[in-house]
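S.K.: I'll drop the sequence and a predicted model, then ask my questions.
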Amino acid sequence: MPVPGMEGLREAIQKEVESLDARLVDLTLRKGRGRNVLTVLADKEGGITLGDCAAINNHLSGFLDRMARAEAGAEALGFGIFDAPCDLEVNSPGLDRPLETPEDFLRVAGKLVRVVMKPEAGAGVYRGKLLSVKEGMVELKGKEAAPVYLPIRSILKGIQEISF
């Protein structure tokens, strides 16, 4: 069940994260007994550091405190996170996060990826170096002689493969 006002909260937090030259990747609110947990996943061009996460956490803590004390209050906006004490967590999305959008794929251009296609698109698994992302397509170069072009809208799951 979606939390009332989550989209408005997402927009407000996205604006604050962007003011720190970062990008909001995901936002979740877990409501618990007597305590809520707001988790922010953020990233930056070139990758996010622990120090970046701490700075975003500090900034958002102040922002959320001001919202909670505002005369109209966040409840008036329907965010629903201030009905109980709220813990804030700011994290990196991690190397193994799913690739879903063109921006996600662009972030890992030149790297090894694995893509699983939806059944209606032929249900195959492709693995290779991500050569390009354009016009809704990803171009992969695997073991085959010619690159493979896959429509992003038909990708069921995409991940960057990490090798050590």
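M.R.: Done, it's in. Residues are numbered from 1 along each chain as shown.
S.K.: can you give me the helices for this protein?
M.R.: For the chain, helices defined by DSSP state H occupy the ranges 6-18, 50-69, 73-77, 102-107.
S.K.: can you put those helices in TSV and add distance to Gly122?
M.R.: Heads up, the C-betas are built off the backbone N, CA and C, glycines and all. Below are the helices of the chain laid out as TSV (distance: least, C-beta to C-beta, whole Å):
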stretch	distance to Gly122
helix 6-18	34
helix 50-69	39
helix 73-77	45
helix 102-107	19
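S.K.: looking at those, spot the one closest to Ile155.
M.R.: Across the helices of the chain, Ile155 has its closest neighbour in helix 102-107 (8.9 Å, C-beta to C-beta).
S.K.: which residues are in contact with the closest one?
M.R.: Here helix 102-107 makes contact (C-beta atoms under 8 Å, 6 or more residues apart in numbering) with 43, 97-99, 113, 130, 133, 136, 138, 152, 158.
S.K.: again, 7 Å this time
M.R.: Helix 102-107 is contacted by residues 99, 130, 133, 138, 152, 158 when judged by C-beta atoms under 7 Å, 6 or more residues apart in numbering.
S.K.: let me see the contact set for Val115.
M.R.: 126, 140, 150, 155, 158.
S.K.: pick out whichever of those residues sits closest to Ser19.
M.R.: Taking the contacts of Val115 together and measuring to Ser19 by C-beta to C-beta, the closest member is Gly158, at 29.7 Å.
S.K.: Arg66 and Gly136, how far apart?
M.R.: 40 Å (C-beta to C-beta, to the nearest Å).
S.K.: which two in the contacts of Val115 are spaced the farthest apart?
M.R.: Distance extremes for the contacts of Val115: the farthest pair is Leu140 and Ile155 at 10.9 Å, using C-beta to C-beta.
S.K.: before we move on, the earlier item: strands - which of the contacts of helix 102-107 land there?
M.R.: In strands, defined here by DSSP state E, the members of the contacts of helix 102-107 are 130, 133, 138, 158.
S.K.: can you give me the domain boundaries for this protein?
M.R.: Domain assignment of the chain by automatic domain parsing yields the ranges 6-91, 102-160.
S.K.: can you put the ones you listed in TSV and add mean pLDDT?
M.R.: Formatted as TSV, the domains of the chain follow (pLDDT from 0 to 100):
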stretch	mean pLDDT
domain 6-91	82
domain 102-160	88
